[in-house]
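Participant: Sequence first, predicted coordinates after that:
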Amino acid sequence: MDRTALVVGASGIVGNNLARHLLDKGWAVHGLARRPPKDIPGLQPVAADLLDPSSLETALAGLTVTDVFIATWMRQPTEAENIKVNAGMVRNLLTATARSGSVRHVGLVTGLKHYLGPFEAYGKGVLPATPFREEQSRLDIENFYYAQEDEVFAAAARDGFGWSIHRPHTIIGYAIGNAMNMGVTLATYATICRETGRPFVFPGSAMQWNSLTDMTDARVLARQLEWAATTEAAHNQAFNIVNGDVFRWKWMWSRIAEWFGLEAAPFPNDLSPLEDQLSDAAPIWAGIAQKYGLAEPDLNVLASAWHTDADLGRPIEVVTDMAKSRKLGFLDYQPTDDSFFSLFDHLRANRIIP
């Protein structure tokens, strides 16, 4: 394999799984983060701050990579600040990597907020019809995903590399300390319910409970990122990426409950967001961690209740079309319940949950 990757955001849910996948495929992989992971055999760490051009210049000096994969962002209080900070990180990065003249391809991971709108207007206003398709126009609203794309497009025009944009739905995958991690969040919640006898109550809306939806396994996303980088027909295009199945949460909730030895509670009469349900749970989790000798006693490191509430509380159906990449030959499929179960097994093996 003559490809050398720079995985930006290697400590996150996307970057962690992508780095492992590329290493398994024989790539040389550099993992960039402020605190690069140390638990990925073969990963070459690159410690840098994307907001600091001099930090990037120093960290990337002498580094020759063929492929850059961008899978990181920093949440800010407003969308205007999200745009300034997250577009700036992409711009700083691609300015620094341009110095080697070796980059052939840049893959950028964004998400379905491309269609749903940013956090400030999430799922509001006039939205495109589902299933979401890549050719649908941008919303007429500020969105840091659009700003990140525009930075990639500008750098590609300047430096002559190919690019791909990848738009996953909610991602399931192993990572600890990630700001958007429904799988780990639900695992901690289910564990707390089992240990305390609390009912395992769905925290979202009736629309999400009853309507069809889909999700994205981080390992499937990793495979699409590599496919797009190495498939000429996929260059300079945007792709949705989901597992390929659809489900209703009223079915999936029972599947998750069963894995943890729980009985799913009936759909509640009132919205029961996880931020409320887990508001008193930090000391409970610390006690569970001590009882079972778990690796992480801080619930705030594991659970991102705010993001799970945002996804499960949406008042609209969210289904994603995969025809574009299927027609070009990307045919991977992953049952979403198996994605959850695989993650839970991994969490148990690493003593994150008992």
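Facilitator: Looks like it came in fine. Small disclaimer: the values here were computed from a predicted structure and weren't measured.
Participant: All the strands of the stretch 201-350 of the chain, in order from the start?
Facilitator: Remark: strands assigned in the stretch 201-350 of the chain by DSSP state E, counting those that start in this stretch are 212-213, 216-217, 237-241, 247-248.
Participant: Also the stretch 1-150 of the chain?
Facilitator: For the stretch 1-150 of the chain, the strands defined by DSSP E, counting those that start in this stretch occupy 4-8, 28-33, 44-47, 67-70, 105-109.
Participant: And stretch 223-230, what's buried?
Facilitator: Within stretch 223-230, the residues scored as buried using 16 or more other CB atoms under 10 Å are 223, 224, 225, 226, 227, 228, 229. In short, each C-beta sits where N, CA and C put it, glycine included.
Participant: how near is residue 44 to residue 104?
Facilitator: Noted for residue 44: a distance of 19 Å to residue 104, by CB to CB, to the nearest Å.
Participant: and what of residue 143?
Facilitator: Taken as CB to CB, the span from residue 143 to residue 104 is 28 Å.
Participant: For these two, indicate the residue with more neighbours.
Facilitator: Neighbours were counted for residue 143 and for residue 104 using other CB atoms under 10 Å; residue 143 has more, 24 against 15.
Participant: which residue packs closest to the more buried one, ignoring adjacent ones?
Facilitator: Closest residue in space to residue 143, ignoring its immediate chain neighbours: residue 118 at 4.9 Å, by CB to CB, 6 or more residues apart in numbering.
Participant: if I pick the one you found, what's in contact with it?
Facilitator: Taking CB atoms under 8 Å, 6 or more residues apart in numbering as the criterion, residue 118 is in contact with 79, 82, 141, 142, 143, 144, 145.
Participant: do residue 20 as well
Facilitator: Neighbouring residues of residue 20 by CB under 8 Å, 6+ apart: 40, 222.
Participant: any idea how far it lies from residue 181?
Facilitator: Distance, residue 20 to residue 181, using CB to CB: 16 Å.
Participant: now residue 57
Facilitator: According to CB to CB, residue 57 stands 31 Å off from residue 181.
Participant: Which of these two has more residues huddled nearby?
Facilitator: Taking other CB under 10 Å, residue 57 and residue 181 do not tie; residue 181 has more neighbours (27 against 14).
Participant: Look up how far residue 155 lies from residue 331.
Facilitator: Residue 331 is 31 Å from residue 155, where distance means CB to CB.
Participant: Which of these two has more residues huddled nearby?
Facilitator: Between residue 331 and residue 155, counted using other CB under 10 Å, the more crowded position is residue 155 (22 against 10).
Participant: Look up phi and psi at the more buried one.
Facilitator: Torsion angles at residue 155 (phi, psi; degrees, to the nearest 10) stand at phi -70, psi -40.
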